[in-house]
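J.: Structure for this input, please:
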Amino acid sequence: MPKAVRVALPILFIAAVYCGGAPVEALQPDASDVVMAVWIAAVLVTGVANVVNACVDRGEGSPRRLAFWDMLLKLCMVPFHLLVFAAGLAMSIALAVVPGLIFAAPLMAGMLAVIDYVMLLFTSSYGFAAVLRARGQGLITSTSAAVLFVLHGLFVTDVVAAIVLYVMVRKAENPQAPSEEGPAA
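T.: Got it, this is the predicted structure:
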């Protein structure tokens, strides 16, 4: 895959997530259903394109590059996950005020959970690929690979795992030269 595409896809994914349907809404201000459909389609298309991008990136330095994009996407998605959490919290507070919402709450909570987890998996695709490539190249141990692989599938720990993976791969690729200082006098 060309380098420009490899770099553009993660950026397009972040833009799709955070721009929402703003471009469509600018053209059709009263078409909220269309805006939501376009936003969902844009996020799904760019998310799947990023999964494919992560799977086909096998070039020189791919574990480090994949770990970098994994870490960057995870950090960029933190505000989105916080907004989904805030929506769930607002729904819980609304339940206290309007008891009739108890029938809609499971549906809404399920939708929020699915949206959040799909986003987590889209961004974790880079981490999964980086773990597999790093293990294949001997940059990380099998135990580390197993732990990082599992942590990439869980909320909150995925961000920590992405940072740890990037640091581990970077250190393994750039080992520090031994100090050339002589013994202290």
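
J.: contacts, neighbours, all on C-alpha from now
T.: Noted.

J.: Give me the nearest residue to Leu165, chain neighbours excluded.
T.: Distances taken as C-alpha to C-alpha, 6 or more residues apart in numbering place Ala67 nearest to Leu165, at 6.4 Å, with adjacent residues excluded.

J.: so who does the one you found touch?
T.: By C-alpha atoms under 8 Å, 6 or more residues apart in numbering, Ala67 lies in contact with Tyr126, Gly127, Ala130, Val131, Ala162, Leu165, Tyr166, Val169.

J.: Pretty sure the first one sits against Trp69.
T.: Yes. With contact taken as C-alpha atoms under 8 Å, Tyr126 and Trp69 are classed as touching, separated by 6.6 Å.

J.: out of those two, which sits in the more crowded spot?
T.: Using other C-alpha atoms under 10 Å as the criterion, Tyr126 and Trp69 rank with Tyr126 on top: 31 against 24.

J.: Tell me which residue is most central in the chain.
T.: Thr123 (2.5 Å; C-alpha atoms, centre = their mean).

J.: Wait, that one touches Cys76, no?
T.: No. Contact criterion C-alpha under 8 Å: Thr123 and Cys76 do not qualify, at 10.0 Å.

J.: Give the PyMOL command for selecting the buried subset of the contacts of Ala67.
T.: With 16 or more other C-alpha atoms under 10 Å as the criterion, this PyMOL line picks the buried residues out of those:
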select buried, resi 126+127+130+131+162+165+166+169
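
J.: Quick check: buried residues in stretch 39-59?
T.: 39-40, 42-44, 46-51, 53-54, 57.

J.: so where is this protein shaky, pLDDT-wise?
T.: Applying pLDDT under 70 to the chain picks out residues 21-29, 31, 176-185.

J.: Point out the ones among the buried residues of stretch 39-59 that are inside helices.
T.: 39-40, 42-44, 46-51, 53-54 (DSSP state H).

J.: For these, work out which two are farthest apart.
T.: Longest distance between any two of those is 22.3 Å, between Trp39 and Ala54; criterion C-alpha to C-alpha.

J.: quick one on the thing from earlier: Serialize the buried residues of stretch 39-59 to CSV and add fields for distance to Pro63.
T.: Listed next are the buried residues of stretch 39-59 as CSV, based on distance: C-alpha to C-alpha, whole Å:
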residue, distance to Pro63
Trp39, 31
Ile40, 30
Ala42, 27
Val43, 25
Leu44, 25
Thr46, 21
Gly47, 20
Val48, 20
Ala49, 18
Asn50, 15
Val51, 15
Asn53, 13
Ala54, 10
Asp57, 9
